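# no sequence on this one, just coordinates:
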């Protein structure tokens, strides 16, 4: 599997600096060089741990989703997080999962195949004394294909695979067909803005869609459009 939140703060440079952590036969993940000093930081924007800086080692080669994108995403989800069960599927730095926990998510499962990155997420959970997060060090695609989940489905999924291939439609179908989603689940999807709005499985509705530079990010909801009265919005930052 490929870590997700590992591009530079400026999405125009260095997105595919090194190939790591991809599934067998699949495209490389995004990887970037850590800043001088051998560590970088993820700042939690809101909630219980607001302002807390989470540190990640140079060997993980990760960078988080920019603050402005995360802030927008969690404004969209602010009334959905309390007590929710979340999946951070391409966890990378775990920035989205930690933000969800800080804002009241009941549980977050972080799926990350890189051992250094997975260990860093586990260390952060321990430092925060948080027992609501769990790390699965495993390939994301293989994890989805293993069959029906053993426990209850997810209310919110964060899905941000590498940009070099159009991975979102196939991954979304795996989530839909594999029984991973609650009936009215929310799914965050991130991709290259050049691809436009993502193709969604039958019965999903695009609720929000924005771009920040070359990054396109979207929020979809599972459920028939006939029963989905959410306001749809388009825009850019």
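Thanks, I have the structure now. Fair warning: this is a prediction, and the values are worked out from it, not measured in the lab.
# next, the contact list for the closest residue to residue 163 other than its chain neighbours, please.
Distance criterion Cβ to Cβ, 6 or more residues apart in numbering; nearest residue to residue 163, sequence neighbours excluded, is residue 192 at 4.4 Å. Just so you know, the C-beta spots here come from the backbone N, C-alpha and C atoms, and that holds for glycine as well. Residues in contact with residue 192 (Cβ atoms under 8 Å, 6 or more residues apart in numbering) are 163, 214-216.
# which of the residues you listed count as buried?
The neighbour-count test (16 or more other Cβ atoms under 10 Å) marks 163, 215-216 as buried among the contacts of residue 192.
# with distance to residue 117, pLDDT and secondary structure as added columns, please give those in JSON lines.
Compiled in JSON lines, the buried ones among the contacts of residue 192 are given as follows (distance: Cβ to Cβ, whole Å; pLDDT from 0 to 100; DSSP: H, G, I helix; E, B strand; the rest coil):
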{"residue": "163", "distance to residue 117": "18", "pLDDT": "76", "secondary structure": "coil"}
{"residue": "215", "distance to residue 117": "20", "pLDDT": "86", "secondary structure": "strand"}
{"residue": "216", "distance to residue 117": "24", "pLDDT": "91", "secondary structure": "strand"}
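# distance from the chain centre to the one helix or strand residue 97 maps to, please.
Counting by DSSP states H and E, the element that carries residue 97 is helix 95-102. Distance, stretch centre to chain centre, for helix 95-102: 10 Å (Cα atoms, centre = their mean, to the nearest Å).
# got a list of contacts for it?
With Cβ under 8 Å, 6+ apart, helix 95-102 has contacts from 4-5, 42, 44-50, 52, 54, 64-65, 70, 73-74, 77, 81, 84, 86, 88, 91, 108, 110, 121, 124, 128, 130, 132-133, 156, 158, 160, 188.
# from those residues, which land in strands?
42, 54, 86, 88, 108, 110, 133, 156, 158, 188 (DSSP state E).
# the inter-axis angle of the helix ranked longest in the chain versus strand 107-111?
Of all the segments assigned as helix in the chain under DSSP state H, the longest by residue count is helix 115-127. Interaxial angle of helix 115-127 relative to strand 107-111 (axes from the mean of the first three to the mean of the last three Cα atoms, to 10 degrees): 160 degrees.
# quick one on the thing from earlier: please check the contacts of helix 95-102 and keep the buried ones.
Using 16+ other Cβ under 10 Å, the buried ones in the contacts of helix 95-102 are 4-5, 42, 44-45, 47, 49, 52, 54, 64-65, 70, 73-74, 77, 81, 84, 86, 88, 91, 108, 110, 121, 124, 128, 133, 156, 158, 160, 188.
# show the contacting residues for residue 43.
Counting by Cβ under 8 Å, 6+ apart, the residues that residue 43 touches are 51-54, 67.
# hmm, which of these is lowest in pLDDT?
Confidence by pLDDT is poorest for residue 54 among those, given 82.
# just give the nearest non-adjacent residue to that one, would you?
Closest to residue 54 by Cβ to Cβ, 6+ apart is residue 42, at 4.4 Å.
# relative to residue 82, how far out is the one you found?
22 Å (Cβ to Cβ, to the nearest Å).
# over to residue 70?
18 Å.
# need the pLDDT of residue 164.
Residue 164 is given a pLDDT of 75.
# now residue 65
So residue 65 comes in at 73 (pLDDT).
# do I have it right that it meets residue 188?
No: judged on Cβ atoms under 8 Å, residue 65 makes no contact with residue 188 at a distance of 10.1 Å.
# pull up the overlap in contacts between the two.
With Cβ under 8 Å, 6+ apart, residue 65 and residue 188 have common neighbours 96, 160.
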